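S.K.: Can you look at this prediction? I've put the sequence above it.
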Amino acid sequence: MRDHAVRFAKVSKRFRLGETHDSLRDLLAAGLRRLAGGGSGRKGRSSFWALENVDFAVGRGESVGIIGPNGAGKSTILKLLAGILRPDRGSVAVHGRLAALIEIGAGFHGDLTGRENVFLNGAILGMNRREIRGKLDAIVAFAGLERFMDMPVKRYSSGMYARLGFSIAAHVDPEVLLVDEVLSVGDAVFRLRCIERMHELVRSGTTLVFVTHSLDQMQSICPRALVLAKGRCVFDGKSRAAVGHYQAAMSEEYVAHPTDLRAEDCGRERALELSGLRLLDDVGTEVVWVRAREPIHVELKLNVRRPIRRLVVELNMRASSSENLLSVNSGRDGLRVCGEVGEQTILLSMPGIPVCSGQYFWNVRVWDAERGTTEIDTQFKYPLVIDDEGRATGTLCVDHEWSITGRGAGEEDVEKARGGVVLLAAGAGAAGE
């Protein structure tokens, strides 16, 4: 049998809706309130299964990512592994010294200084005072908090909490390290140092379980990943393949709960109403993610309330906080759209979108070209995740070609490699697989 550092055996965990206690202190307080008549107890409470029959094992020295939509059960798994929660069904086993960075400030005492909290946390993690003192300088230097170590941590920012918490966890020589998405509060330079430190720990034999929404970070550290959706493990395998399952789960979650079309966005008091926008793949399935080399279709449904002889329809795409990366306008393309009363469906098809991996947002604009009035101008709120399969970084992912001529070789002895996305050839895949 494989030597496992972590074993999660058919685990299920149930929570009661409205229950606010997941620690002994909160549980005792809730019990006292019920005894005093100040609580309603369990009467009328419903419950839900945050995890159902989740089963996996992590070998010693292995690094595994856990990804999935919000509410899928990722943090619940880490809390079960850390012993903060207990399963309702199944069993959880962790072998070796465990360090966990699950919540900002977890295990810190607000009235103690940063230095005192290093010793407190080190003791909780099983180190004696001499060991902690020997690592203190390295912990402080990594966190970059030399000036603030004698300040009570209740005055720390969330980023300072994360710096100190990760630095302690990463320097106590853990055999098993649990890391949640708390690294997102740190600045870019510190996050990079954290990633480098996790690489070092994995190379030295530390077992890593990493929960994150950053697919690039996860793939750079973890060759294997679990994908959770609605409390169940829907995929366990190579991290590259896990990305597709994750994005499919995100698509399903979004399609089940579409963005509301508000009156101020859709122009309900105007001549037109945007009654629907869907992003479709090549077989007509609604999605919110697509690979850069795959076709994408945008379906607009307009409810026309009065005749408009000439409409102009425009779709724009941008990243979360940047200028437009793509703008497609029916007027510029010479398409005449006649707005007859009733519902009309307009379909825009593209063979691919040449941008690098990331989340992008669309908006819709519609004009009455004869009157010169704007009838619809939505927010940038329609999401589309694009996956370039790890081919590039930056903004654009364009067709390109490399060539290498060997020393002393003839003109025919040339190595060539192509990359990017083929945009115009129907059905063509990306070169340089």
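M.R.: Done, it's in. Numbers count the residues shown, from 1 in each chain.
S.K.: tell me which residues in the helix or strand L51 falls within are buried?
M.R.: Take DSSP states H and E as the rule and L51 turns out to sit in strand 47-59. If you call a residue buried by 16 or more other Cβ atoms under 10 Å, then strand 47-59 has these buried ones: 49-52, 54, 56-58. Heads up, the C-betas are built off the backbone N, CA and C, glycines and all.
S.K.: Now render those residues as TSV, adding distance to H213.
M.R.: Shown next, in TSV, are the buried residues of strand 47-59 (distance: Cβ to Cβ, whole Å):
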residue	distance to H213
W49	22
A50	18
L51	19
E52	22
V54	19
F56	20
A57	24
V58	20
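S.K.: Among those, which pair sits farthest apart?
M.R.: Largest separation among these by Cβ to Cβ: W49 and V58, giving 22.6 Å.
S.K.: still on that earlier bit, neighbouring strands of the strand holding L51 in the sheet, and parallel or not?
M.R.: Paired strands of strand 47-59, with direction, are strand 4-16 (antiparallel) (DSSP bridges).
S.K.: Going toward the C-terminus from the helix or strand of the chain with the lowest mean pLDDT, what's the next helix or strand?
M.R.: The weakest-scoring helix or strand in the chain, judged by mean pLDDT, DSSP states H and E, is helix 263-266 (a mean of 42). Next along the chain after helix 263-266, taking DSSP H and E as the criterion, comes strand 272-280.
S.K.: now the helix or strand that that next one is followed by: how far from the chain's centre is it?
M.R.: On the C-terminal side of strand 272-280, the closest following helix or strand by DSSP H and E is strand 289-291. Computed by Cα atoms, centre = their mean, to the nearest Å, the chain-centroid distance of strand 289-291 equals 15 Å.
S.K.: Residues contacting strand 289-291, please?
M.R.: Strand 289-291 is contacted from outside by 247-248, 250-251, 279, 281, 296, 353, 384-389, using Cβ atoms under 8 Å, 6 or more residues apart in numbering.
S.K.: try it again with 10 Å
M.R.: With Cβ atoms under 10 Å, 6 or more residues apart in numbering as the test, strand 289-291 has contacts from 243-244, 246-251, 254, 279-282, 296-297, 350, 352-353, 357, 359, 383-389, 421, 429-430.
S.K.: partner strands of it, parallel or antiparallel?
M.R.: Sheet pairing for strand 289-291, using DSSP bridges, gives strand 382-387 (parallel).
S.K.: The partner strand - what's its average pLDDT?
M.R.: Per-residue pLDDT over strand 382-387 has a mean of 83.
S.K.: got the angle for that strand vs strand 272-280?
M.R.: For strand 382-387 against strand 272-280, the angle between stretch directions is 20 degrees (axes from the mean of the first three to the mean of the last three Cα atoms, to 10 degrees).
S.K.: C-alpha coordinates for strand 382-387, PDB please?
M.R.: Presented in PDB, the C-alpha positions along strand 382-387 are these (Å, rounded to 0.1, in the frame of the first residue of the first chain):
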ATOM      1  CA  TYR A 382     -21.300  39.000 -18.800                       C
ATOM      2  CA  PRO A 383     -18.300  36.800 -17.900                       C
ATOM      3  CA  LEU A 384     -16.200  34.600 -20.100                       C
ATOM      4  CA  VAL A 385     -13.200  32.600 -18.900                       C
ATOM      5  CA  ILE A 386     -10.700  32.000 -21.700                       C
ATOM      6  CA  ASP A 387      -8.100  29.200 -21.400                       C
END
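S.K.: just to revisit the earlier point, heading C-terminal from the strand holding L51, find the next helix or strand.
M.R.: Taking DSSP H and E, what comes next after strand 47-59 is strand 63-67.
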